[in-house]
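Novice: just the structure for this:
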Amino acid sequence: MKQSLSTETRDTKATRKERAVNPTATATSVKVTPDKVHEVLGKYMLADGFEFVLDLDKSEGVYLYDSRHNRKLLDFFSFFATNPLGMNHPGIKTPEFTARLLRAALHNPSNSDVYTTEMAEFVETFAQHAMRPHLPHVFYVAGGTLGVENALKAAFDWKVRKNFARGYREERGPQVLHFEQSFHGRSGYTLSLTNTAEPKKTALFPKFDWPRVLNPKVEFPLNDERLKDVKAREALSIAQMKRAFAENPCLEPAQLHLGRHAGRHGSLPALPRDHGRGGAGRERGGARRRAPGGTRIAGEGIPRARLERPREGPHVRVRSP
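Specialist: Below you'll find the model as predicted:
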C-alpha cells in the first residue's frame, strides 16, 4: 500500500512538472467535434467564416473535405490563393520534407535578422526558378496585405526621391490612385485603398484622402451593348485618372477579392506615360517598349515576350491576396 501510494505521488509530481514545463500538454487534451467548431470559436472570437469545417487529413488535391457535413467541396478559394499545390500533395508529404518543415516551424526564427541554412537554400531555390534577371532582389513578407504595404513604401520612397532630384524642396508623391471596389488589405496604408462591399471592416479608422476613380470592369457575357457601356466607362475613368495625375500619384491596378473585377486588355494605355517620370505601374496584361526616338508606346496586341525589356528604374508591381 505504501509502495503504491509512493509511486502514485511520484507520478503526480512528474506530471505536474511536465505541465509546468510544457503547458500545451493540457491544451492538446481538448477535443472538439466538427459540429461544435463554430460554437466553440464563437464563444471567444468573431466566427463569421465559411460554414464548413475543413478536414486536413481527408482533403485532397482540389477537393476540400467538410467534416461538418461529410461532403467534398471543389476548391475555388485555395485560402486566398496561398495553396497552389492543393491539399495533401504527395511532394509535401515525404518524410524528408515534413521533417524540414517541422524543424523550422518549431522555432520560427526572425528571418530578417537570424539566418539559417534552410533560409539560404530556399532563397537560392526561389532565385533559380522564379526570379527574372532584371529584378535581382527580393523582400519577403508574410501576407498579402503586408506585401502591398511594403510595395507602397518602396514606391513612396522612390517617387519622393525622384521629385527631390527634379528640384522639389518638399516631399511630393504621397498620393495613390486606386479604383472603386478594390481590395488591398485592411492595415495601415491599405485601409485607404480598400473599398469593397464590406465597409464596416474599414469604417471609423483614419484614412488618407487618396484619389479614387471609376472601375470600368467588364460584365459578362460581353455583348455589343455592354461593350459600348464599358468603353464609355473606360473613357470616364481615364479622364478621372488624368486629372488625378496632376498630383503625380502611384497607380495600383490590382482588382481581386470578393471576385475578380476584370478590365479589357489594353484599356489603360491611354493614360499619361511619364507621370513625373515613372510614377505609375504599367497596366495588367500589357507591356511597354521604346519606340525610335525614345517615345513610349503601348504594347497592345503585341506578345509580351517580344516587348519585355529591363526597366530604367525600380518597378514595383503589387498584387492583392
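Novice: now do the strands in the stretch 151-300 of the chain.
Specialist: 176-179, 212-213, 250-252, 288-290, 296-298 (DSSP state E, counting those that start in this stretch).
Novice: for His89, give me its contacts.
Specialist: By C-beta atoms under 8 Å, 6 or more residues apart in numbering, the contact set of His89 is Gly61. From N, CA and C alone the C-beta is placed, and that goes for glycine too.
Novice: confidence score at it?
Specialist: pLDDT recorded at His89 is 95.
Novice: and Glu219, by the same measure?
Specialist: 91.
Novice: tell me which residues touch it, please.
Specialist: Per C-beta under 8 Å, 6+ apart, neighbours of Glu219: Arg226, Asp229, Val230.
Novice: measure the last one to Pro211 for me?
Specialist: What that stands for is Val230. Using C-beta to C-beta, to the nearest Å, Val230 is found at 21 Å from Pro211.
Novice: swap in the second one?
Specialist: Applying C-beta to C-beta, one obtains 23 Å for the distance of Asp229 from Pro211.
Novice: comparing Val230 and Pro211, which shows the higher neighbour count?
Specialist: The neighbour count for Val230 versus Pro211, taken as other C-beta atoms under 10 Å, is higher for Val230 (19 against 16).
Novice: surely that one touches Asp224?
Specialist: No: using C-beta atoms under 8 Å, Val230 makes no contact with Asp224, being 11.0 Å away.
Novice: just the helices in the stretch 101-250 of the chain please.
Specialist: 117-130, 144-165, 224-244 (DSSP state H, counting those that start in this stretch).
Novice: what about dumping the CA coordinates of the first one to PDB?
Specialist: So that's helix 117-130. Output of helix 117-130 as PDB, limited to C-alpha atoms (Å, rounded to 0.1, in the frame of the first residue of the first chain):
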ATOM      1  CA  THR A 117      20.900  27.200 -43.900                       C
ATOM      2  CA  GLU A 118      17.200  26.400 -44.500                       C
ATOM      3  CA  MET A 119      16.500  30.000 -45.400                       C
ATOM      4  CA  ALA A 120      19.500  30.300 -47.700                       C
ATOM      5  CA  GLU A 121      18.500  27.100 -49.500                       C
ATOM      6  CA  PHE A 122      15.000  28.400 -50.000                       C
ATOM      7  CA  VAL A 123      16.200  31.800 -51.300                       C
ATOM      8  CA  GLU A 124      18.600  30.200 -53.700                       C
ATOM      9  CA  THR A 125      15.900  27.800 -55.000                       C
ATOM     10  CA  PHE A 126      13.400  30.700 -55.400                       C
ATOM     11  CA  ALA A 127      16.000  32.700 -57.300                       C
ATOM     12  CA  GLN A 128      16.800  29.900 -59.700                       C
ATOM     13  CA  HIS A 129      13.200  29.100 -60.500                       C
ATOM     14  CA  ALA A 130      11.100  32.300 -60.000                       C
END
